[in-house]
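Peer 1: show me how the following folds:
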Amino acid sequence: MTEIRQHLPLSRAKALPAWSLLAAGAVTGGLLGGAYGVVKSPTYTATSYVIAVPTDKADSATALGFAQAYGRVATQLAVLGDAQVWAGVPVKTLQSSVQTATSPDAPMVAVTATSSRADLAADMANAVSRSLTVHANDAKAATHVELQTFARAIKPAAPTS
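Peer 2: You can find the predicted model right below:
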């Protein structure tokens, strides 16, 4: 009799249709995904833009080249060190939360920051843009390229995830 009881759950599982395992997996995945969405805090993203403008002694190709270079150094410690004061967060937070992107066609740098707070995302993007602009313009006499704010980041109205 004990042998029959031990095999009873296995025989019940074998009696279920093959698609029932797939359905159970889909329901479980949906429940786990929904729980994760409720538990995880939202992420906000804000982007500011700076543009490289040639002075009288430079041309647009030079400005484009410097925009590419500024895009690479925007997340370096020298720039982030000043930005942390304006953003009110540690450098490590800026390093993990800020990214830059440049265009091969336009002398523009996009500075994007993410945070669990909408206002902080905008503050971090604007602080890094401001710091980058200050550092770039300190070298304007040598580079003949001026960095200017093109568009400030605004507080996002909705989370990105």
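
Peer 1: how about the helices of this structure, start to end?
Peer 2: 2-15, 19-39, 60-73, 77-87, 91-97, 118-138, 140-143 (DSSP state H).

Peer 1: mind giving me the packing neighbours of the third one?
Peer 2: Counting contacts by 3 or more C-beta pairs under 8 Å, 6 or more residues apart in numbering; DSSP states H and E, the secondary-structure elements packed against helix 60-73 are strand 44-54, strand 98-102, strand 108-115, helix 118-138, strand 145-151. Every residue, glycine included, has its C-beta placed from N, CA and C.

Peer 1: contact partners of the third one?
Peer 2: Judged by C-beta atoms under 8 Å, 6 or more residues apart in numbering, the contacts made with strand 108-115 from elsewhere in the structure are 43-52, 67, 70-71, 74, 94, 97-102, 120-125, 128-129, 132, 147, 150, 153, 160.

Peer 1: and the angle for it with strand 44-54?
Peer 2: 160 degrees (axes from the mean of the first three to the mean of the last three C-alpha atoms, to 10 degrees).

Peer 1: before we move on, back to that, most packed of the helices and strands packed on helix 60-73?
Peer 2: For the helices and strands packed on helix 60-73, the largest average neighbour count (mean count of other C-beta atoms under 10 Å) is found in strand 108-115, namely a mean of 24.
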